[in-house]
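Q: Sequence first, then the predicted structure:
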Amino acid sequence: MKTAVYPGSFDPITNGHVDIITRGLKIFDKIIVLIAHNPEKKSLFPVEERMEMIREVIKEHEKDHQRVKVDYAPGLLVDYVRNSGANVILKGLRAVSDFEYEFQMTLINRRLNRDIETVFLMTGFRWFFISSSIVKEAASLGGSVKGMVPDIVYQRLQQKYGFSAS
Ligand code: PNS
């Protein structure tokens, strides 16, 4: 049984993330969507709410949702991966701009644990420009983010920022 850990801030989960989970399920038997701590980022949604949104989205979008687990880990990613019995980190790549950061992360994780490999999947073309950060920026300035995030996330952002539906 091949398990991959798909880590991120998921603050909040976007359609780009869902796309990677869907693609990942074609390759792996099980995916653990892991909310991990990114010290560079201040979060909008508390961890519990992010987990709840991910669970709902997966249940709605994935017919194989029983093969997806959602978890949180405050520490080192490689320690979580080892303790979970997996040895693969799954990451999504959009444009070339992601590359430098992901390259660095992959190499530090490899240095920290040589038994763990990182696998990259390319997001669908229509999600190339989508990130949680850009979605939050647009929503906070009153822009509708319909079609960029799952419905439940759209509703939560709308409650927070009060932009009009379109
Ligand atoms: O969605 P993000 O914010 O780009 O995800 C980054 C994340 C959370 C995957 C990354 O910050 C991470 O792996 N955090 C856990 C701590 C860790 O192991 N860092 C890398 C080695 S220093």
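A: Structure's in. What do you need?

Q: Would you map the helices across this structure?
A: With DSSP state H, the ranges of helices along the chain come out as 15-24, 47-61, 77-84, 99-112, 132-140, 151-161.

Q: helices or strands next to the last one in the packing?
A: The helices and strands touching helix 151-161, judged by 3 or more CB pairs under 8 Å, 6 or more residues apart in numbering; DSSP states H and E, are helix 47-61, helix 132-140. Bear in mind the C-beta positions are built from the backbone N, C-alpha and C, glycine included.

Q: mind putting those helices in CSV, mean pLDDT included?
A: Output for the helices and strands packed on helix 151-161, formatted as CSV (pLDDT from 0 to 100):
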stretch, mean pLDDT
helix 47-61, 97
helix 132-140, 97
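
Q: In JSON lines, list these along with distance to the ligand and mean neighbour count.
A: JSON lines is the format used below for the helices and strands packed on helix 151-161 (distance: least, CB to the nearest ligand atom, whole Å; neighbours: other CB atoms under 10 Å):
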{"stretch": "helix 47-61", "distance to the ligand": "11", "mean neighbour count": "18"}
{"stretch": "helix 132-140", "distance to the ligand": "7", "mean neighbour count": "18"}
